[in-house]
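Asks: Make a model of this:
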Amino acid sequence: MKKGKRRLALWLLLFLLLPAALAFGARSASRYTGPDAGELTALLRRAAATCYAAEGRYPPDLDYLTKAYGVSYNPKKFHVFYQLDGANLTPDITVVPAEEATK
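Replies: The predicted model follows:
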């Protein structure tokens, strides 16, 4: 009988904690607004390095990087500056939040 009470208590605890955990996770997820400028910069640099490893050269422009390597970002939130000085030189990638660029 003791085992049955323990199992019942465990199930009750599970059914009480699970909705609370889901509500907390949903609230946290709704506050996530996507990557910040630093995360987007790191993502673009990793994609450029992947291109270099696969093709032996860095992407010629940002358009190629986004189309060939599936990188996407919101141009209304970020301005991305991509400058390539040579096929085997690491490109200069700068990401600026759109609000800062208009100030």
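Asks: Downstream of the helix or strand of the chain with the lowest mean pLDDT, the next helix or strand is which one?
Replies: Lowest by mean pLDDT, DSSP states H and E among the helices and strands of the chain is helix 2-31, with a mean of 65. Note on helix 2-31: by DSSP states H and E, the next helix or strand toward the C-terminus is helix 37-55.
Asks: tell me what that following helix is packed against?
Replies: On a contact count with 3 or more CB pairs under 8 Å, 6 or more residues apart in numbering; DSSP states H and E, helix 37-55 meets helix 62-69, strand 78-83, strand 92-97. In this view, the C-beta of every residue, glycine as well, is placed from N, C-alpha and C.
Asks: Now render the ones you listed as CSV, adding distance to Gly56, mean neighbour count and mean pLDDT.
Replies: Listed next are the helices and strands packed on helix 37-55 as CSV, based on distance: least, CB to CB, whole Å; neighbours: other CB atoms under 10 Å; pLDDT from 0 to 100:
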stretch, distance to Gly56, mean neighbour count, mean pLDDT
helix 62-69, 14, 15, 93
strand 78-83, 19, 16, 94
strand 92-97, 19, 15, 93
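Asks: Distance to Arg46 added to the ones you listed, as JSON lines?
Replies: Formatted as JSON lines, those follow (distance: least, CB to CB, whole Å):
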{"stretch": "helix 62-69", "distance to Arg46": "9"}
{"stretch": "strand 78-83", "distance to Arg46": "14"}
{"stretch": "strand 92-97", "distance to Arg46": "10"}
